[in-house]
Structures are given as structure tokens and as C-alpha cells.
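# Task: produce atomic coordinates for the following.
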Amino acid sequence: MRDPLDVAAVSASDLSLPPPSEGSSAVASRVARARDIQAKRFAEEKADGVTVNAEADGVLLEKIAAPDAAGRALLTQAVDHMKISARGYHRVLRVARTLADMEGADAVRKIHVAEALSYRRLPVAR
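Prediction:
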């Protein structure tokens, strides 16, 4: 079961923004290419039953999603400051690897880690 996703209400200023530069069909094409990249990667790794980044765990995840030095430093800092659990750490790596795949990048870079971290839900102050 997937975790629920909170979506903020659209503001009036958001409605006046220019239209997206990429249509749904272009995004769908990039997603399909990223899934093909992932399937090929896991076939080469001989990872039985793993076809997408979401299914990668442990040593395999660390191998295929290891960020560059700047990305690793950012992730380490985020773990400390945002109190990210081990599970959360691995989720960030999976998302960062997927973002790199969507871009067609061979390696996970700091920009991918930063974007993955930006999708994390922040704790609500009570």
C-alpha cells in the first residue's frame, strides 16, 4: 500500500503561472524510458525479481544509487538535521536514483538528492 500524499491547495498566483513546458505525453515517454533504464540495470546486476528502483534494497540500492560526494554530504547533513530514519534514507536514495534516470543521468548527483529531499513531508508543528 502506498503512503498518502498531501497536496496543498492551489493559490491564485499559481493559477496565473505559465503553462508547463512539458505535456503529459512527453512526461509519460520520459517515465517509460526511465523504467526501461531501470529494468536493463537490474538485468545486468542479475537482481532476481527487481525491475524498478522501488524494489531495490540493501547492498544493491547502495550500489545503484550511491550519490556523488556532494550528494552524499547533503544527504548526511539532511539525515542529521531532518532526523531521517534508515527507512527514510533509503527512500531518498530510491527517489534520487529515479530522478537521475528520468534525466538520463548515469550517476546520482547532489541535485537529484536535493530534489528527492524536497519531496519529503515535513513534520507538522503542533
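# List of residues touching stretch 99-115?
Contact with stretch 99-115 is made by 30-31, 33-34, 37-38, 53, 65-68, 70-71, 73-75, 78, 92-93, 95-97, 116, as judged by C-beta atoms under 8 Å, 6 or more residues apart in numbering. Yep, even glycine has a C-beta here, placed from its N, CA and C like the rest.
# and these, which are buried?
Buried members of the contacts of stretch 99-115, scored by 16 or more other C-beta atoms under 10 Å, are 34, 37-38, 53, 65, 67, 71, 74-75, 78, 92-93, 95-97, 116.
# Any stretches of the chain with poor pLDDT?
Flagging of the chain using pLDDT under 70 yields the residue ranges 1-3, 5, 122-126.
# all helices of it, in order?
Secondary structure of the chain by DSSP state H: the helices cover 12-15, 24-44, 58-65, 69-82, 86-103, 110-118.
# looking at it, residue 60 is touching residue 53, isn't it?
No - contact criterion C-beta atoms under 8 Å: residue 60 and residue 53 do not qualify, at 10.0 Å.
# Residue nearest the middle of the protein, spatially speaking?
In the chain, the C-alpha nearest the mean C-alpha coordinate belongs to residue 95, at 1.6 Å (C-alpha atoms, centre = their mean).
# Give me the distance between it and residue 45.
From residue 95 across to residue 45, the span is 19 Å (C-beta to C-beta, to the nearest Å).
# can you check residue 77 too?
Residue 77 is 29 Å from residue 45, where distance means C-beta to C-beta.
# tally of neighbours for residue 101?
Using other C-beta atoms under 10 Å, residue 101 has 24 neighbouring residues.
# Likewise for residue 117?
Close neighbours of residue 117, defined as other C-beta under 10 Å, add up to 19.
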